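Undergrad: kindly return the folded structure for what I paste below:
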Amino acid sequence: GLRAFTASPQAKGTGQVTGAAMPEGKAAFQEVLPKQGQLSVEDTASLVLCKPKVLPLKSVSLEKLEALQRAALAAAAPRPPEEGAQPPEETPQPQPQA
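TA: Numbering: from 1, shown residues only. Reported below is the predicted structural model:
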């Protein structure tokens, strides 16, 4: 956020900030929030790491369509004759004469 310097108690009447009375480092800044007026905040964008999402390679609707297609192909494919069943007798086709 925005930070403002406050005057030390010794320099209160003069309006000056004395550097000798202020501590070094982060403790040197004291945050002051105004009672009136606008307050603006500086914010920087940073990366937020989260758990990776696992996405399927194929969608659910595509899986359903492929299952229906496999079922249709299996139903349309000729079935092998079962054991003990008589194979259908073929009737001779007439040969065309040339």
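Undergrad: run a quick neighbour tally on residue 64.
TA: Other residues near residue 64 come to 10 when the count uses other Cβ atoms under 10 Å. The way it works is simple: take the backbone N, C-alpha and C, and place the C-beta from them, glycine included.
Undergrad: oh, that last question was meant for residue 46, not what I typed.
TA: By the measure other Cβ under 10 Å, the count of residues near residue 46 is 5.
Undergrad: gap between it and residue 29?
TA: Separation of residue 46 from residue 29 (Cβ to Cβ, to the nearest Å) stands at 21 Å.
Undergrad: and what of residue 43?
TA: Residue 43 sits 18 Å away from residue 29, going by Cβ to Cβ.
Undergrad: repeat that for residue 38.
TA: According to Cβ to Cβ, residue 38 and residue 29 sit 21 Å apart.
Undergrad: look at those two and report which has more neighbours.
TA: Higher neighbour count among residue 38 and residue 29: residue 29, with 13 against 5, using other Cβ under 10 Å.
Undergrad: residue 68: which element?
TA: helix 60-76 (DSSP states H and E).
Undergrad: mean confidence for that helix?
TA: Mean pLDDT, computed over helix 60-76, is 93.
Undergrad: list of residues touching that helix?
TA: residue 58 (Cβ atoms under 8 Å, 6 or more residues apart in numbering).
Undergrad: so where do the strands sit in the chain?
TA: Taking DSSP state E, the chain contains no strands at all.
Undergrad: output the below-cut-off pLDDT ranges for it.
TA: Where the chain drops to pLDDT under 70, the residues are 1-27, 80-94, 96-98.
Undergrad: sounds good, over and out.
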